[in-house]
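Trainee: Got a predicted model here, sequence first, then my questions.
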Amino acid sequence: MTRPLRVFFVMITVLVTTMLAVSACSAPDETDGGGAPIQVNTSKGSVTINGVPKRIVALGAQWIDVALSFGVTPVAYLDNIQVLTGKPAPWSSDKLKDSTAISTDDVVAQVAKAKPDLILATSYMADGQPEMYNQISKLAPTIPGITGKQIDPWQDMVTFLGTVLRQPEKAKEITSGVDSKIDATKNELPGLNAKTYTMAYMYSNDQIQVLGDPNDGATSLFSSLGMNIAPALVAGYRRSGQPRYPISTENVPLLDSDLLVITANTDQLMSSLQKLPGYRNLRSVRSGAVSRLTVAEIGGLNEPTPLSIPYLLDKMHPAMEKAAG
């Protein structure tokens, strides 16, 4: 597997083993104009945020989108999607024109140059890159993720930032807006309930990466629609213990489900996949319930955000409509 591909799976799946102890915000004192300190208890110690942050650095696609959903443009950001594709995700690219992109070279120096008063990081950085995290956390109050789960639920992130920004009602509005979009899809396509889906990524001529863990962060959107991962892929996960695992191209029939969400590194690989024995016999292919996503878009499923979910619901709607029957 090439190094960029390894980086893709490490950063997108955010594989961590250490859980945050407790992540809780103390309520601000409403009598002081909303500037009272907020204390956050994390596995890396207690973090105090004084006043309302004005210069936020967002490290990771989820934090970027959560900040943007509040109308807050980070002064600087490190976007794992942009690192892989060369540009921000389509649902956020027009909102980052006034922000500085951080490259993967000398991250600490670039964060320091942004002069942040709050740094929003991830569990992966805190646990997988402790030296970098320790250096960054000396620059400003730094949050090492919220829940300690492999992927933080976007709702928890919105609630957290709403507390920090002293905008709890705005947080509720953001969450309600996304939930309404999901509910609208459920009401329009009730046939999706109890249907199966497959998420697959063809990254080489002979290997296809599939999702098999029903509790993975990438299942969030589909679970909310009442859908389930194809049983054969869940069984593979339970045998291997790997949330995402490779299958050989001769095992294409394992992709059989009502909905296929597919990504390929190149158009050539996608064309090769479509010619593999068994592909045309997949239920999703026969019914037209196939949604091809870009690497950026599959990233928005792997790390759901209040911006990626509405975008991807629209993108996948034609295939979902076919899957719903």
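Mentor: Right, received. Where do you want to start?
Trainee: List the buried residues for stretch 157-177?
Mentor: Buried residues in stretch 157-177, counted by 16 or more other CB atoms under 10 Å: 157-167, 170-171, 174-175. Heads up, the C-betas are built off the backbone N, CA and C, glycines and all.
Trainee: Next, the distance between the ends of that stretch.
Mentor: 15 Å (CA to CA, to the nearest Å).
Trainee: What's the mean pLDDT across it?
Mentor: Mean pLDDT, computed over stretch 157-177, is 96.
Trainee: Likewise for stretch 291-303?
Mentor: 93.
Trainee: care to break the chain down by domain?
Mentor: Using automatic domain parsing, the domain ranges for the chain come out as 3-166, 180-324.
Trainee: still on that earlier bit, looking at the buried residues of stretch 157-177, which are in helices?
Mentor: Residues of the buried residues of stretch 157-177 located in helices (DSSP state H): Met157, Val158, Thr159, Phe160, Leu161, Gly162, Thr163, Val164, Lys170, Ala171, Ile174, Thr175.
Trainee: which of the domains of the chain has the lowest average pLDDT?
Mentor: Least confidently modelled of the domains of the chain is domain 3-166, at a mean of 81 by mean pLDDT.
Trainee: Endpoint to endpoint, stretch 218-228 covers what distance?
Mentor: Length of stretch 218-228, first residue to last, CA to CA: 12 Å.
Trainee: and what of stretch 124-140?
Mentor: Stretch 124-140: ends 18 Å apart by CA to CA.
Trainee: same thing with stretch 281-299?
Mentor: Terminal residues of stretch 281-299 lie 27 Å apart, using CA to CA.
Trainee: And stretch 290-304, by the same measure?
Mentor: End-to-end distance for stretch 290-304, by CA to CA: 20 Å.
Trainee: Give me the buried positions along that stretch.
Mentor: The neighbour-count check on stretch 290-304 (16+ other CB under 10 Å) flags 290-293, 295-304 as buried.
Trainee: Got phi/psi on the closest residue to Ala324 other than its chain neighbours?
Mentor: Setting aside the residues directly before and after it, Ala324 is nearest to Gly191 in space (CB to CB, 6 or more residues apart in numbering), at 3.4 Å. When read as degrees, to the nearest 10, the backbone of Gly191 gives phi -70, psi -10.
Trainee: Let me see the contact set for Gly191.
Mentor: For Gly191, the contact set (CB atoms under 8 Å, 6 or more residues apart in numbering) comprises Ala323, Ala324, Gly325.
Trainee: Most neighbours among those, which one is it?
Mentor: Ala323 (27 neighbours; other CB atoms under 10 Å).
Trainee: pretty sure that one is in a helix, no?
Mentor: Yes. Counting by DSSP: H, G, I helix; E, B strand; the rest coil, Ala323 is found in a helix.
Trainee: Offset the numbering so it begins at 37, please.
Mentor: In the new numbering, first residue 37, that becomes Ala359.
Trainee: quick one: it and Asp294, what's the gap?
Mentor: With distances taken as CB to CB, to the nearest Å, Ala359 is found 4 Å from Asp294.
Trainee: Can you check which residues contact both of the two?
Mentor: With CB under 8 Å, 6+ apart, Ala359 and Asp294 have common neighbours Lys231, Tyr233, Ser320, Ser323, Ala325.
Trainee: mind checking the backbone torsions on the closest residue to the third one other than its chain neighbours?
Mentor: The shortest distance from Ser320 to any residue that is not its chain neighbour, by CB to CB, 6+ apart, is 3.8 Å, and that residue is Leu296. Dihedral angles of Leu296 (phi, psi; degrees, to the nearest 10) stand at phi -120, psi 120.
Trainee: Is Leu296 bridged to anything, and to what?
Mentor: Thr234, Val326 (DSSP bridges).
Trainee: my read: it touches Tyr233, true?
Mentor: Yes. Counting by CB atoms under 8 Å, Leu296 touches Tyr233, with 7.4 Å between them.
Trainee: what's the burial count for the residue lying closest to Gln310 once chain neighbours are set aside?
Mentor: Spatial nearest neighbour of Gln310, excluding adjacent residues (CB to CB, 6+ apart): Arg316 at 7.8 Å. The tally of other residues near Arg316 (other CB under 10 Å) stands at 11.
Trainee: any idea how far Leu291 is from Arg316?
Mentor: Applying CB to CB to Arg316 and Leu291 gives a distance of 12 Å.
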